[in-house]
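J.: sequence-free structure coming up:
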């Protein structure tokens, strides 16, 4: 991955995070006050919240990548760890 691609992906992640925080603030204020948002941009933030959560889960979460980070290697290489139920040497 080139440096420009990494910088672009990092900038996009920052922009999505800011949009997520602003959407979350509007949704929480709607939840606490019980009054729906008054402005059109607040409605846009509430509508964008599920989309932003999906984008994070699909592209930035460790569970949504091509190779999930939570799996053990299948080839038994140097990064493989024994499972919790197995005992070695007995």
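T.: Looks like it arrived, so ask away. Predicted model, so just to flag it, every value in this text is computed and none were measured. Numbers count the residues shown, from 1 in each chain.
J.: Does anything pack onto the longest helix seen in the chain? Which helices or strands?
T.: If you go by DSSP state H, the chain has its longest helix at helix 3-33. Applying 3 or more Cβ pairs under 8 Å, 6 or more residues apart in numbering; DSSP states H and E, one finds that helix 3-33 makes contact with helix 40-55. Every residue, glycine included, has its C-beta placed from N, CA and C.
J.: What is the helix it packs on packed up against?
T.: Applying 3+ Cβ pairs under 8 Å, 6+ apart, we find helix 40-55 packed against helix 3-33.
J.: Where does pLDDT dip in the chain?
T.: 63-90 (pLDDT under 70).
J.: re the thing from before, angle of the longest helix of the chain against helix 40-55?
T.: 120 degrees (axes from the mean of the first three to the mean of the last three Cα atoms, to 10 degrees).
J.: which of the residues in helix 3-33 are buried?
T.: Within helix 3-33, the residues that count as buried by 16 or more other Cβ atoms under 10 Å are 16, 19-20, 22-23, 26, 30.
J.: I'd like these as JSON lines, with distance to residue 43 appended.
T.: What follows is these, written out as JSON lines (distance: Cβ to Cβ, whole Å):
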{"residue": "16", "distance to residue 43": "19"}
{"residue": "19", "distance to residue 43": "14"}
{"residue": "20", "distance to residue 43": "16"}
{"residue": "22", "distance to residue 43": "13"}
{"residue": "23", "distance to residue 43": "11"}
{"residue": "26", "distance to residue 43": "9"}
{"residue": "30", "distance to residue 43": "10"}
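J.: Tell me the one of these nearest residue 58?
T.: Nearest to residue 58, judged by Cβ to Cβ, of the buried residues of helix 3-33 is residue 16 at 11.4 Å.
J.: I'd like to know how far residue 5 sits from residue 16.
T.: 16 Å (Cβ to Cβ, to the nearest Å).
J.: With residue 23 instead?
T.: Counting by Cβ to Cβ, the gap from residue 23 to residue 16 is 10 Å.
J.: Contact partners for the closest residue to residue 19 other than its chain neighbours?
T.: Excluding the flanking residues, the one nearest residue 19 by Cβ to Cβ, 6 or more residues apart in numbering is residue 52, at 5.9 Å. If a contact means Cβ atoms under 8 Å, 6 or more residues apart in numbering, then residue 52 has 16, 19-20, 23 as its contacts.
J.: Brilliant, that's me finished.
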